[in-house]
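3D model of this:
(chains A and B)
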Amino acid sequence: MSTSVKKVYGYLAEFETPSQLWKACEKCRDAGFKKWDAFSSFPVHGLDKAMGCKKSILSYIVFFGGLMGFITGTSLAYITQVEIYPTIVQAKPANIFTIPAFFPIMFELTILFSGFTTLFALLALMGLPRLNHPLFASKQFKRATDDGLFIAIEARDPKFSPEGTKAFLAEIGGTSIELVEDDEK
Amino acid sequence: MATATENKTAKKERKGPKIPVLKREELILNDRSYNWVTERICGIVEKPQPWLWWLLFIPSAIVAACGVGFGLVYLVSTGVGVWGNTNRVMWGWPIVNFVFWIGIGHAGTLISAILFLTRQNWRTSINRAAEAMTIFAVCCAGIFPMFHVGRVWMVWFLAPIPNSNAIWQNFKSPLLWDVFAVSTYFSVSLIFWYLGMVPDLATLRDRAKGWLSKLLYGIFALGWRGSNRHWQHYEVAYLLLAAISTPLVLSVHSIVSFDFATSVVPGWHTTIFPPYFVAGAVFGGFAMVLTIMIPARALYGLQDMITMKHIDNMTKIILTTGTIVGYAYLMELFVAYFSGAKYEAMAFKYRLFGPEAVGYWTMMACNVISPQLFWWRACRENLWVVMGVCMAVNVGMWFERFVIIVTTLPRMWLPGDWKTYDPSPVDVFTFVGTIGMFLTLFSLFLRFLPCINIAEVKWTLPQSDPHFDDKEEIDDDGIVEISTYQKEIDNGAIKA
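From the prediction side, this is the model:
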C-alpha cells in the first residue's frame, strides 16, 4: 500500500559516546523541546538533569504504599489478637502492651507493601508494559539495547518541523538521522 | 599527596586545583566495549551449551526428580513420620535444611542491596547470579516447613485467615513471624531480581532469532526500550528496593533465629542469636556464590567481568563473617560457662563431647578454621584453595544448623525425655534432592537468562561516564585533571 499516508513519529538520531549524548541532551533541553527522549542501554549518570527531567515522584508513592502496609500489619495483628478475640498464649497479655510482639508483622508488611508499590508504581510511571512502539520499526534502534545511544524528537512536539528538527539534530552531533513513521492511526 | 600536587603544579604550571586521585582498579579488564559485554553475556544464552553444562544439568535434574519428587510423594502418601523426627526432636533435619537454605539466600540480597547502598560497584558483575541463587535457595527452603506441617494440603493454615471457629493465628509466635518474613523476603527478592533483569531481557529480545524466544523475551521485557525517561524512574525504584531489602535481609534471619532464641531451651535462649545468624547467613551465602560462580566463570569465559578482584573481595567478606561466626561460637561457650547456669553448661558440654560431637567439631573446623586461610593473599588468589574453603564452609554451615537443632532438642530439661536422634533415608533423600533442585534451577538460569547484569556492567565501564571524553589521562603521579571542571573555574562558575 504505497499510496497510504503514514503518520510521522519523529526523528531518530544516533550519538557516538555518552559525553556527546549528554551534551546533545542539554542542547535539546535548551532549545525548548518537550516531547523527546534519549535512549541508552545503561543509565547515563546525570542525564535526567541534562534532559531537564524533574525528580521522580516514585519515592512519595512508595512511602504511602509502605504506610498502608504498616497500617495493615498493625490492624491485622491488633484487631484479631486484642479486639475481636483476645488470645492469651505463653502468658503474654492481650492489650495495648502486646504491640511489641507484633513488630515483626508490622515491619514485614511495611516492606512487602513497599516492594509491590515500587513495582506497580514504576510500571505505571513508565507506561509499561507496552509491547509495541513506533521506534521498534527502526532497524538501527535495535542497537539501543546493545551499544547505541539515540535521541528521538517526536512530531507531536510544538517545536517540531520536518526540516528544522533534522538540521537541529545534525547540528548537535547526531548521525544516521532517520524519519520514523507511526503505523498506528 | 600534598607534595605530589605541588610538584605537579610546579612542573606544568596550570591554574586552578589539581585533583589528586588514586588510580582505581579496573572492574572490567582489557578495555572492553559495550558490544563486547552484550555479545559475551548474551552469547551464553544464544550459543549451544558446552558439554559441561549438560554434565551439571542432567544429573542434577535426576537427583532433583528422585530426591524431592520421589521423597515428597512417598512422604505425602505415607505420612510425615517417614522423616526421622521424633517426639523430642520434632524439628530434626527438615528445619536444619530450612535454615541452611534460607541462609544461603542472604548473600544474594546482601550483594544486590547492601553493596548497592554502599556504592560497591564491583557488585555489578555478580549480583544477578547471586540474586538468582537467593530465589532458588528460598524455593528449596520453602519445601521443608511446607511439608513439615504434616498435611501439606492444609498449608494455607499458615496464611492469616481465621479458622472455622473464627480463631486467628497467633501473631505473637515467632513461627508466624517467620511465615511473614520468608514470604516477604521471597516476594521482594523476586521483584528486585525481575526488575533488574528487564533491560537485559530487552537486549535478548532485540537479538532473538527464533519466534518463541522473540515472543517470550518480548513479553517479559515489557516493551523496555532504554528510554532515559524510564531509566530515571527505574533508578529510583532500584534504589528504593535496595533500601527496603537491606533491613529486610537483616530481619529475615533475625526472625529465623527468634524461632530458637525465644524458646526456653538451654543452648537456644540467647540474645546473641540474631546477629550470629545473620553473619552466618552472609558467610554461608558468599561461600555458595563463589562455589557456583567460579566454575561458571571458567566455563563461559567471564574472567574479564568476574575478575580476581571480585573473588578477592568476596573471600575477604567470607573471612570477616567467618570470624564473626567464630566469635559467636566462642562467646556462646563463654556465656554458658560464665553464667553459671548448669543446664546451659550441660547443653554445651553435650554439644562438645556428646555423641553428636563430630558435628560440632566439623562445624568448628569448616567455619572458623578454614576461612582463616584467606588472611594470605596467595590463598585468596589460588582458585582451588578458594573453592576448597567454600566447599568446607557450605558443609560447615549445614552442620552449624545441625548442631543447633539436633544436639539441643534430644536433651532438654528432663533426663527421662532424653533420646538420640537419627535421620531417616527420606530425610537424606529430600535434602540431597534439594541440592539437585538448586543446581537444576541454576543451570536453567544460566541457559535462559542473562547471568550477569549487562546494563550495570556497561555502566561500570569507564567510557560510560558522561564526562569521559573531557577527562585527561591519569598521569604517573596519579593526578587527574578534568578540563570541564577547569573550564567552569575559568568561567567563574565554581570558585577554586
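
Which segments of chain A make up each domain?
Taking automatic domain parsing as the criterion, chain A consists of the domains A:7-53+A:130-182, A:58-126.

and those, which one's lowest on average pLDDT?
Note on the domains of chain A: lowest mean pLDDT is at domain A:7-53+A:130-182, with a mean of 82.

By mean pLDDT, flag the weakest helix or strand of chain B.
Least confident helix or strand of chain B, by mean pLDDT, DSSP states H and E, is helix B:2-12 with a mean of 44.

just to revisit the earlier point, need the domains of chain A in JSON lines with distance to residue B:321 and mean neighbour count, can you?
Heads up, the C-betas are built off the backbone N, CA and C, glycines and all. Below are the domains of chain A laid out as JSON lines (distance: least, C-beta to C-beta, whole Å; neighbours: other C-beta atoms under 10 Å in any protein chain shown):
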{"stretch": "domain A:7-53+A:130-182", "distance to residue B:321": "31", "mean neighbour count": "19"}
{"stretch": "domain A:58-126", "distance to residue B:321": "23", "mean neighbour count": "18"}
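
Mind putting these into a markdown table with distance to chain B?
Below are these laid out as a markdown table (distance: least, C-beta to the nearest C-beta, whole Å):
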| stretch | distance to chain B |
| --- | --- |
| domain A:7-53+A:130-182 | 4 |
| domain A:58-126 | 4 |
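
Please name whichever of the ones you listed is nearest to residue B:357.
Closest to residue B:357 of those is domain A:58-126 (C-beta to C-beta; 32.9 Å).

Now do the end-to-end distance for that closest one.
Using C-alpha to C-alpha, to the nearest Å, the span of domain A:58-126 from its first residue to its last is 11 Å.

With stretch B:66-80 instead?
18 Å.

Now it: buried residues?
Going by neighbour count (16 or more other C-beta atoms under 10 Å in any protein chain shown), the buried part of stretch B:66-80 is B:67, B:68, B:69, B:71, B:72, B:75, B:80.

neighbouring contacts of it?
B:82-83, B:143, B:147-148, B:150, B:152, B:426, B:429-437 (C-beta atoms under 8 Å, 6 or more residues apart in numbering or on different chains).

same deal with stretch B:294-312?
So stretch B:294-312 is contacted by B:25-30, B:32, B:37, B:40-41, B:44, B:50, B:52-53, B:122, B:125-126, B:129, B:290, B:293, B:380-381, B:383, B:386-387, B:390, B:446, B:451-452, B:457 (C-beta under 8 Å, 6+ apart).

middle-most residue in chain A, spatially?
residue A:126 (3.5 Å; C-alpha atoms, centre = their mean).

show me the contacts for that residue.
B:227, B:229, B:230, B:233, B:234.

Which members of those residues are classed as buried?
Buried among the contacts of residue A:126 by 16+ other C-beta under 10 Å: B:227, B:229, B:230, B:233, B:234.

From the residues you listed, pick the one nearest residue B:221.
Closest to residue B:221, out of all of these and judged by C-beta to C-beta, is residue B:230, at 12.0 Å.

Tell me how far that closest one lies from residue A:146.
For residue B:230, the distance to residue A:146 equals 17 Å [C-beta to C-beta, to the nearest Å].

Output the contacting helices and strands for the helix or strand where residue B:195 lies.
For residue B:195, the enclosing helix or strand under DSSP states H and E is helix B:174-207. Packing partners of helix B:174-207 (3 or more C-beta pairs under 8 Å, 6 or more residues apart in numbering or on different chains; DSSP states H and E): helix A:99-126, helix B:34-46, helix B:92-109, helix B:127-148, helix B:211-220, helix B:228-261, helix B:454-460.
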